[in-house]
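Chemist: sequence and predicted structure, then a few things I'm wondering about:
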2 protein chains.
Amino acid sequence: MSRSAATSVPLHPLLAERWSPRSFDPEHQVDEQQLAAILEAARWAPSAGNRQPWGFLVGRRGDATHKAIFESLREANQTWAGKASLLVAAVADERGPDGGRNGYAAYDTGLAVAQLTLQAHALGLHAHQMAGFDHERLLAALDAPAEGLLPLTVTAIGSLAHADLLPEQLRLRETAARERRPLTGNAYAGSWGRPLDLG
Amino acid sequence: MSRSAATSVPLHPLLAERWSPRSFDPEHQVDEQQLAAILEAARWAPSAGNRQPWGFLVGRRGDATHKAIFESLREANQTWAGKASLLVAAVADERGPDGGRNGYAAYDTGLAVAQLTLQAHALGLHAHQMAGFDHERLLAALDAPAEGLLPLTVTAIGSLAHADLLPEQLRLRETAARERRPLTGNAYAGSWGRPLDLG
């Protein structure tokens, strides 16, 4: 199953073919080499001052970290995400080098997760980021300091399975067309909100 | 010139070969098709609730937006970034749908800029994000509302030129090895800060 976007101009296949499924093969396992590559992709993301202010908590299905991350998920996400081979929680470390706040920590963590996600797709896997989880519960379960850390997403990574194994409501979402605002709804020139003229 | 990272495991070339130069060809122009593809890549980034909370102000060298963005840059960035074919300011719109704050706006904007950057590389171009610019000055020059918008980066995009056109100090930085913390410096399992065992 593929679910390419109706892009208005051709994109690199890695970007055009990325999408966020809910149907993961509950038997599939990510091997060490694949896991290392996924994390390595995040590692080489750019960041403000090269501070690399992201932390990843990595759970492999069957281990205690996967369980702790899974239990922090909202119920709607628990209906499908437990089958994923990996659950990776991305946490921004907002503690700046000078005792201040690093205002780029969340942004830079987004950059790193984008690279992680695309490397997963390059390996033939799929990834789905979730914002719906209990941040405090996750931090507590993983003995993380409560101050200065900003949990952001949990990414489910695994091998795509048939959507017909999903409950009806999720299956319909799985096959719906991907939607975005038009290109010039977010791209401006001259002044904020004035659509860019693309000729 | 290439400046591949010494990755510990093989990455997809688009990720392995991405780096942030300071040497741009001052004659090169990005055509409309390329610009559309770069923005389209950002458009298809995932975001929390599919809110797509990013805005891009796009300046093409020679136009008023490029000039306004350039003038907001810190002096150190002005020594090289003006030669870039494009200067794209990424601004997160933190205004939530319910009058509240969208706490994912910066993170999601990072995801979108990562995709934009990788599409630029897929087109044979290079991209360099900068955090060093005057946020208020940029917003004012572009008639943007002061409330709810969070300027994050300016990305210089263009065609790579020879680094020997750069001032000595920048040229040395241009050819230095890329550095990151070890993989397990940011990847944990079991508890926060406990390095992931990769076998």
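Modeler: That came through, no problem.
Chemist: now do the helix ranked longest in chain A and helix B:105-122, the angle between them.
Modeler: Longest helix in chain A, counting residues (DSSP state H): helix A:105-122. Put simply, helix A:105-122 runs at 50 degrees to helix B:105-122, going by axes from the mean of the first three to the mean of the last three Cα atoms, to 10 degrees.
Chemist: following helix A:105-122, which helix or strand shows up next?
Modeler: strand A:126-130 (DSSP states H and E).
Chemist: direction included, what does that following strand pair up with?
Modeler: Applying DSSP bridges, strand A:126-130 is found paired with strand A:149-158 (antiparallel).
Chemist: what's the following helix or strand after the strand it pairs with?
Modeler: That would be, after strand A:149-158 and using DSSP H and E, helix A:168-175.
Chemist: and the average pLDDT for that next one is what?
Modeler: Per-residue pLDDT over helix A:168-175 has a mean of 85.
Chemist: please apply the same query to stretch A:126-146.
Modeler: For stretch A:126-146, the per-residue pLDDT averages 95.
Chemist: list the buried residues in it.
Modeler: A:126-133, A:138-139, A:141-142, A:144 (16 or more other Cβ atoms under 10 Å in any protein chain shown). Where C-beta positions appear, they are placed from N, C-alpha and C, glycine not excepted.
Chemist: for the residue in chain A positioned nearest to chain B, list the residues it contacts.
Modeler: Ranked by Cβ to the nearest Cβ, the top residue of chain A for proximity to chain B is residue A:110, at 2.6 Å. Contacts here follow Cβ atoms under 8 Å, 6 or more residues apart in numbering or on different chains; on that basis residue A:110 touches A:152, B:106, B:107, B:108, B:109, B:110, B:111, B:114.
Chemist: counting neighbours, which of the residues you listed comes out on top?
Modeler: residue B:110 (33 neighbours; other Cβ atoms under 10 Å in any protein chain shown).
Chemist: ok, now how distant is the residue nearest to it when sequence neighbours are not counted from residue A:104?
Modeler: Sequence neighbours aside, residue A:110 is the residue nearest to residue B:110 in space, at 2.6 Å (criterion: Cβ to Cβ, 6 or more residues apart in numbering or on different chains). Look at residue A:110 and residue A:104: by Cβ to Cβ, to the nearest Å, they are 10 Å apart.
Chemist: end-to-end on stretch A:91-105?
Modeler: In stretch A:91-105, first residue to last residue: 9 Å (Cα to Cα, to the nearest Å).
Chemist: give the buried residues for that stretch.
Modeler: Per 16+ other Cβ under 10 Å, stretch A:91-105 contains these buried residues: A:91, A:92, A:93, A:94, A:95, A:96, A:102, A:104, A:105.
Chemist: same list, those residues, but as CSV with secondary structure and pLDDT please.
Modeler: Formatted as CSV, these follow (DSSP: H, G, I helix; E, B strand; the rest coil; pLDDT from 0 to 100):
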residue, secondary structure, pLDDT
A:91, strand, 97
A:92, strand, 97
A:93, strand, 96
A:94, coil, 96
A:95, strand, 94
A:96, coil, 89
A:102, coil, 96
A:104, coil, 97
A:105, helix, 98
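Chemist: export the residues you listed to a markdown table and tack on distance to chain B?
Modeler: Shown next, in a markdown table, are the buried residues of stretch A:91-105 (distance: Cβ to the nearest Cβ, whole Å):
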| residue | distance to chain B |
| --- | --- |
| A:91 | 8 |
| A:92 | 8 |
| A:93 | 9 |
| A:94 | 11 |
| A:95 | 13 |
| A:96 | 13 |
| A:102 | 10 |
| A:104 | 6 |
| A:105 | 9 |
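Chemist: next, name the residue at the spatial heart of chain A.
Modeler: residue A:129 (3.3 Å; Cα atoms, centre = their mean).
Chemist: list the beta-bridge partners for that one.
Modeler: residue A:155.
Chemist: look up how far residue A:142 lies from it.
Modeler: 18 Å.
Chemist: of all the buried residues of stretch A:91-105, which two lie farthest apart?
Modeler: A:91 and A:96 (15.7 Å; Cβ to Cβ).
Chemist: in the one helix or strand in chain A whose mean pLDDT sits lowest, which residues are buried?
Modeler: Within chain A, confidence by mean pLDDT, DSSP states H and E is lowest for helix A:168-175 among all helices and strands, at a mean of 85. The neighbour-count check on helix A:168-175 (16+ other Cβ under 10 Å) flags A:171, A:174 as buried.
Chemist: then that helix to CSV, C-alphas only?
Modeler: The C-alpha coordinates for helix A:168-175 follow below in CSV (Å, rounded to 0.1, in the frame of the first residue of the first chain):
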residue,chain,number,x,y,z
GLU,A,168,-13.0,0.2,11.0
GLN,A,169,-12.6,3.8,12.1
LEU,A,170,-8.8,3.8,11.9
ARG,A,171,-8.9,1.9,8.6
LEU,A,172,-10.9,4.7,7.0
ARG,A,173,-8.4,7.3,8.2
GLU,A,174,-5.5,5.1,6.9
THR,A,175,-6.7,5.3,3.4
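Chemist: do any residues in whichever helix or strand comes after that helix lie close to chain B?
Modeler: Next helix or strand after helix A:168-175 toward the C-terminus (DSSP H and E): strand A:187-188. Yes - Strand A:187-188 is in contact with chain B by Cβ under 8 Å from any Cβ of the partner chain, via A:187, A:188.
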